[in-house]
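1. A structural model of the following input is requested.
(2 chains)
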Amino acid sequence: GENVEQHPSTLSVQEGDSAVIKCTYSDSASNYFPWYKQELGKGPQLIIDIRSNVGEKKDQRIAVTLNKTAKHFSLHITETQPEDSAVYFCAAGRDHSGYALNFGKGTSLLVTP
Amino acid sequence: DVKVTQSSRYLVKRTGEKVFLECVQDMDHENMFWYRQDPGLGLRLIYFSYDVKMKEKGDIPEGYSVSREKKERFSLILESASTNQTSMYLCATFNYEQYFGPGTRLTVT
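-> Got it, this is the predicted structure:
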């Protein structure tokens, strides 16, 4: 089955700096790559996603890049703020599997003032 | 807004009990999922369903079963709960993007 590797497992940055989280996947048929933010006591919330027909997508301070050849995708958060502190998960899935997702193990991001 | 609700936020059960975790969604989505989340392991797919009365095994189905009698409701069943099933259980639906419920933290003693 699909294997999604996520790095780093923990990340600490100063407020205002950028944060980058990287994921690799193994199933070349995967075509949907979402990123989730999970705060304590809550379910994961989608923050951005990308489909395999594009290489980059941006939403304000958050961007995701996808390299299908290398089978990796990355989350970029610019101008980080303390409220960005949370656990972030990447995932990969295929539309013809009903979008059952395989998740990375998560990155705990801490933004210090 | 899509709403995915789970019947309990916290649940404590004894070893050997039959446990039902209920999930209800209000957006008529066809695809529903059950994941468990454990520290250091991320989210792992237990079962999913494309439609009423249909189910597919995920990566870790052993010890679990599911029921989908109505489109809006997807139940996860632990036939005989064991301590290694202590975990956070997350239900989700999919329609262009995946929506998660708040989770049920299950403790099996």
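
2. Could you use CA atoms for every contact and neighbour count after this?
-> Will do.

3. Now do the contacts for the closest residue to A:A91 other than its chain neighbours.
-> Closest residue in space to A:A91, ignoring its immediate chain neighbours: A:F103 at 4.2 Å, by CA to CA, 6 or more residues apart in numbering or on different chains. A:F103 makes contact with A:V4, A:F89, A:C90, A:A91, A:A92, B:G42, B:L43, B:R44 under the criterion CA atoms under 8 Å, 6 or more residues apart in numbering or on different chains.

4. cutoff 6 Å now
-> Shown in contact with A:F103 (CA atoms under 6 Å, 6 or more residues apart in numbering or on different chains): A:C90, A:A91, B:L43.

5. Would you check how far apart the first one and B:R73 are?
-> Spelled out, that is A:C90. 27 Å (CA to CA, to the nearest Å).

6. More neighbours: which of those two?
-> Comparing A:C90 with B:R73 by other CA atoms under 10 Å in any protein chain shown, the one with more neighbours is A:C90, at 32 against 18.

7. Return whichever strand or helix holds that one as CSV; C-alpha atoms alone will do.
-> A:C90 belongs to strand A:86-92 when assigned by DSSP states H and E. The C-alpha trace of strand A:86-92 is given here as CSV (Å, rounded to 0.1, in the frame of the first residue of the first chain):
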residue,chain,number,x,y,z
ALA,A,86,0.0,22.8,16.1
VAL,A,87,0.6,19.4,14.6
TYR,A,88,0.6,19.2,10.8
PHE,A,89,-0.1,16.1,8.8
CYS,A,90,0.4,15.5,5.2
ALA,A,91,-1.5,12.8,3.3
ALA,A,92,-1.8,11.2,-0.1
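
8. what packs against that strand?
-> strand A:32-38, strand A:102-103, strand A:107-112 (3 or more CA pairs under 6 Å, 6 or more residues apart in numbering or on different chains; DSSP states H and E).

9. The longest one vs strand A:107-112, what angle?
-> Note on geometry: by axes from the mean of the first three to the mean of the last three CA atoms, to 10 degrees, strand A:32-38 and strand A:107-112 are set 50 degrees apart in direction.
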